[in-house]
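Student: Fold the following.
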Amino acid sequence: MIWGEIGSKFTELLKARKPGVVASLIGACRRFQTHQRECCRALAHAVNSDSASPNCIVPHILHMENFSSGTGRSEWQWPSGNKMSVLGCVMLQIIFNYPSDFIQQFCSSFASMEIDHILEAAKDPGGSRVIEAFLSSNAPLKHKHRVISKLRGHFGELAQRPSSSFTVSKCFLAADLALKEVIASELAYVQAELSRLKHGPHMLRTCDVTRYSKGPEQWRSSQSSKQSTRQAFAEVFGSEGEAKREDNTSMVACNEEATEIPKKKSKKSKRDGGMNNIIDKMDNTFLNKEDPSNLINSMAQLGFPIHKGTKRKELNRKSETNENESGNHEVKATGTELSFPKGDLLKKSGVDDIEQIFSKKDKVNKPKKRKERHESQNNLANAESVQLGIDSSINNVFNILEQGLKKKKRKKKHSTDDPATSSAKKQKQGKQMVYM
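Tutor: Purely as a prediction, here's the structure:
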């Protein structure tokens, strides 16, 4: 329904500077795997209607805002140095995830770009993501190798950039043996600089640069063996593109199942139905003479912890013996024995027995609680008495120290007030001056 209204108006939307609507529609077509061929045709016609060459499709999308705002669209030229369109890069990333039969014109346009334009796209944050999506897509290998060969001589420069380092690793994984050797040789020249960067060690491990610097022949043999194992794996288990397509189909099926929402029940009906089910299960377990172990299943559904194995066997054995002797069921549950008689008096007698058990427990627990309270009160009283004794001893020590200090001060005052002591001090000072 949405495609029928907007699918034929890509040109008007781009001229009205609403590329976000186009990008969201392209993403929806990929997510639901519908109208993908028509979507690719409409986008190609919208960005290349005035141009005769189909090679301008990808450059126009990379600079979407600049191209759509220009008056002379037929005379448009690559704006060197400008930042690439974010929404245009997002569109191309989604398009390159489409099946290979629908994106042939986009792949050929991207492979026919000039060297300077591809290098500028590799240095741009959004453009580098487009190159990575192109190299990871189901595009023909000849187009991928053309793009990688146009970056020859710049892999060392791109590897030192954080945003472009992922592009170099994608180029290495998508290249053949000759192009891989070119990339490894260029990275070997900047090995020291890469080892000091945060992303450098990962890049060196991906391309196996240390082995190449030690011996190119060993590196070639190891890469050829890895490539042969990849090809054998792809022949047996299929390529990565087929796996992605299978994942997309499974996701679409899951989304379709999720859209079928069942009818919601009211909270009241849920609550009533749950309680009725619980009561019915308990009645069936207690009334069932043949299999008293159904209580364990019902308790497990209600959330009680149940131990499997020996306890169930003991329970069955005891139930059989009790049936033969007294005709009543004895069930062990949570450490208490509950006896339930037969017939219509089951519910009344069962409830009374349960109340008696819990009342006995309360009577047993009350004297224990009283003892604990008395013990805690005694402990508090003892602690308070000990604290008072400590405080009184500390006060006594401080009083003794204060009295000693007062006595010393008094002695000093008496010594200074006596004239005999003052004259004796003066004589001693005079004798010391004479000796000097």
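Student: Which stretches in the stretch 1-150 of the chain count as helices?
Tutor: Here the stretch 1-150 of the chain has its helices, by DSSP state H, counting those that start in this stretch, at 2-6, 10-15, 19-32, 36-47, 57-62, 64-69, 86-95, 104-111, 115-123, 125-136, 141-150.
Student: Serialize those helices to a markdown table and add fields for mean neighbour count and distance to Val190.
Tutor: The C-beta positions use only the backbone N, C-alpha and C, and glycine is treated the same way. Below are those laid out as a markdown table (neighbours: other C-beta atoms under 10 Å; distance: least, C-beta to C-beta, whole Å):
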| stretch | mean neighbour count | distance to Val190 |
| --- | --- | --- |
| helix 2-6 | 12 | 48 |
| helix 10-15 | 17 | 41 |
| helix 19-32 | 18 | 37 |
| helix 36-47 | 19 | 37 |
| helix 57-62 | 26 | 28 |
| helix 64-69 | 19 | 34 |
| helix 86-95 | 22 | 27 |
| helix 104-111 | 20 | 27 |
| helix 115-123 | 18 | 16 |
| helix 125-136 | 21 | 18 |
| helix 141-150 | 18 | 18 |
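Student: mind listing what the nearest residue to Lys144 once chain neighbours are set aside touches?
Tutor: Nearest residue to Lys144, sequence neighbours excluded (C-beta to C-beta, 6 or more residues apart in numbering): Ala174, at 5.1 Å. For Ala174, the contact set (C-beta atoms under 8 Å, 6 or more residues apart in numbering) comprises Leu135, Ser136, Lys144, Ile148.
Student: swap in Val182?
Tutor: Counting by C-beta under 8 Å, 6+ apart, Val182 has contacts Arg152, Phe155, Ala175.
Student: hey, C-alpha coordinates of whichever strand or helix holds Gln218 in CSV?
Tutor: Counting by DSSP states H and E, the element that carries Gln218 is helix 216-237. Taking Å, rounded to 0.1, in the frame of the first residue of the first chain, the C-alpha atoms of helix 216-237 are listed here in CSV:
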residue,chain,number,x,y,z
PRO,A,216,57.1,-13.7,1.3
GLU,A,217,57.2,-17.4,0.2
GLN,A,218,55.9,-18.7,3.5
TRP,A,219,53.2,-16.0,3.4
ARG,A,220,52.1,-17.0,-0.1
SER,A,221,51.9,-20.7,0.8
SER,A,222,49.8,-20.0,4.0
GLN,A,223,47.4,-17.6,2.1
SER,A,224,47.0,-20.1,-0.7
SER,A,225,46.1,-22.9,1.8
LYS,A,226,43.6,-20.6,3.5
GLN,A,227,42.0,-19.6,0.2
SER,A,228,41.6,-23.3,-0.8
THR,A,229,40.0,-24.2,2.6
ARG,A,230,37.6,-21.2,2.1
GLN,A,231,36.6,-22.4,-1.3
ALA,A,232,36.0,-26.0,-0.1
PHE,A,233,33.9,-24.7,2.8
ALA,A,234,31.8,-22.6,0.4
GLU,A,235,31.3,-25.6,-1.9
VAL,A,236,30.1,-27.8,1.0
PHE,A,237,28.1,-25.3,3.1
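Student: Now the residue nearest to Lys144: phi and psi?
Tutor: phi -90, psi -10 (degrees, to the nearest 10).
Student: still on that earlier bit, let's have the helices of the stretch 1-150 of the chain in a markdown table, adding distance to Thr167 and mean pLDDT.
Tutor: Output for those, formatted as a markdown table (distance: least, C-beta to C-beta, whole Å; pLDDT from 0 to 100):
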| stretch | distance to Thr167 | mean pLDDT |
| --- | --- | --- |
| helix 2-6 | 33 | 81 |
| helix 10-15 | 27 | 88 |
| helix 19-32 | 22 | 91 |
| helix 36-47 | 24 | 92 |
| helix 57-62 | 15 | 92 |
| helix 64-69 | 21 | 79 |
| helix 86-95 | 13 | 95 |
| helix 104-111 | 14 | 94 |
| helix 115-123 | 5 | 95 |
| helix 125-136 | 5 | 95 |
| helix 141-150 | 10 | 95 |
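Student: Right, I'll leave it there.
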